[in-house]
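Chemist: I need the structure of the sequence given here:
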Amino acid sequence: MKKQKKNKNKKINKGTKPNNKRQLRKDEFEEESFQLEGRNSVLEALNHNKTIDKIFVKKGEIEGTLKVIVAKALERGIIVQEIDKLRMEQMKRTNNPQGIIALCPAHEYCEVEDILENAKKRGEDPFIIILDEITDPHNLGAIIRTADAVGAHGVIIPKRRAVSLTAIVSKTSAGALEYVPVARVNNISKEIEKLKKHGLWIACAHMKGTECFKADLKGPIGIVIGSEGDGVSRLVKESCDYSVKIPMYGNIESLNASVAAGLLMYEVVRQRKFL
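Modeler: I've put the predicted structure just below:
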């Protein structure tokens, strides 16, 4: 049942010291990103307001042009992380990255307002998929593909600790990324509160929630799907109106994030179309 409703200090992320060979590789969710290297290339991208997901700078080299680049990036709210020489060598795709690498999305992001406008133009109640720290690009691509299939109006992802729109995501979406708007926000919990003010009910996927087949998923709605390992974070869960679960009748306790998202999305469609 639905319940009754009720950047200031910017800094550089120092990163973590790798402790095994797997960690020495670039993060899985950074693979196949469009990569800019070199001070002039990154500075030009910033000056022309090109979308940049993240910037890596070599430790101990933030001076001169790099200092200007970092300042501009932080002003735009772009994540800047210092990495050591070994990590820089592993990430680079050119002979001389000049101490800086920028990761750019394979597709441009939209604003959350664009997603709401998308629903308005179609004359439909908003149907939005909200992802909390999904890190596997294949999962994100599959979710976007299903979001297009069910007619969802858009997907919202966080800036930090989550996969961005990499080439792998684009490929896995099988072209759906061209049709499904994706917004990238600083804080999922705060964005949920804003959506609630627009009249959306926010349902969180959680194993202790109401069975999805018994919950009311009609009307303006946002479905929150948590990360592959930990599920929906506590703060995000507390921001939601109610929780729903997919009943499990076998021995395994949980489903892959993209599978769970697909089942819940189609339950929304079932209730909208047939109930």
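
Chemist: So which residue is dead centre in this structure?
Modeler: residue 157 (2.6 Å; Cα atoms, centre = their mean).

Chemist: mind listing what residue 150 touches?
Modeler: 127, 265-266, 268-269 (Cβ atoms under 8 Å, 6 or more residues apart in numbering). All C-beta atoms are positioned from the backbone trio N, CA, C, and that covers glycine.

Chemist: Quick one: buried ones out of those residues?
Modeler: Buried by 16 or more other Cβ atoms under 10 Å: 127, 265, 268, out of the contacts of residue 150.

Chemist: Between those, which sits nearest residue 81?
Modeler: For the buried ones among the contacts of residue 150, the minimum distance to residue 81 (Cβ to Cβ) is 33.4 Å, reached by residue 265.

Chemist: Which pLDDT value belongs to that closest one?
Modeler: Looking at residue 265, its pLDDT is 98.

Chemist: How about residue 28?
Modeler: 41.

Chemist: With residue 224 instead?
Modeler: pLDDT, read off for residue 224, is 98.

Chemist: How about residue 254?
Modeler: 85.

Chemist: Tell me the spacing between it and residue 143.
Modeler: As judged by Cβ to Cβ, to the nearest Å, residue 254 and residue 143 stand 16 Å apart.

Chemist: picking that back up, now, which of the buried ones among the contacts of residue 150 sits nearest residue 174?
Modeler: For the buried ones among the contacts of residue 150, the nearest to residue 174 is residue 265 (15.9 Å; Cβ to Cβ).

Chemist: ok so, going back, show me which of the buried ones among the contacts of residue 150 is closest to residue 218.
Modeler: Nearest member of the buried ones among the contacts of residue 150 to residue 218, counting by Cβ to Cβ, is residue 268, at 7.9 Å.

Chemist: and residue 102, what helix or strand is that in?
Modeler: For residue 102, the enclosing helix or strand under DSSP states H and E is strand 100-104.

Chemist: now that strand, how far from the centre of its chain.
Modeler: 18 Å (Cα atoms, centre = their mean, to the nearest Å).

Chemist: Let's have the buried ones among the contacts of residue 150 in CSV, adding distance to residue 166.
Modeler: Below are the buried ones among the contacts of residue 150 laid out as CSV (distance: Cβ to Cβ, whole Å):
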residue, distance to residue 166
127, 25
265, 22
268, 27
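
Chemist: With secondary structure as added columns, please give these in TSV.
Modeler: What follows is the buried ones among the contacts of residue 150, written out as TSV (DSSP: H, G, I helix; E, B strand; the rest coil):
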residue	secondary structure
127	strand
265	helix
268	helix
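
Chemist: From the recorded domain assignment, give the ranges for the chain.
Modeler: Structural domains assigned to the chain are 21-104, 112-274, following automatic domain parsing.
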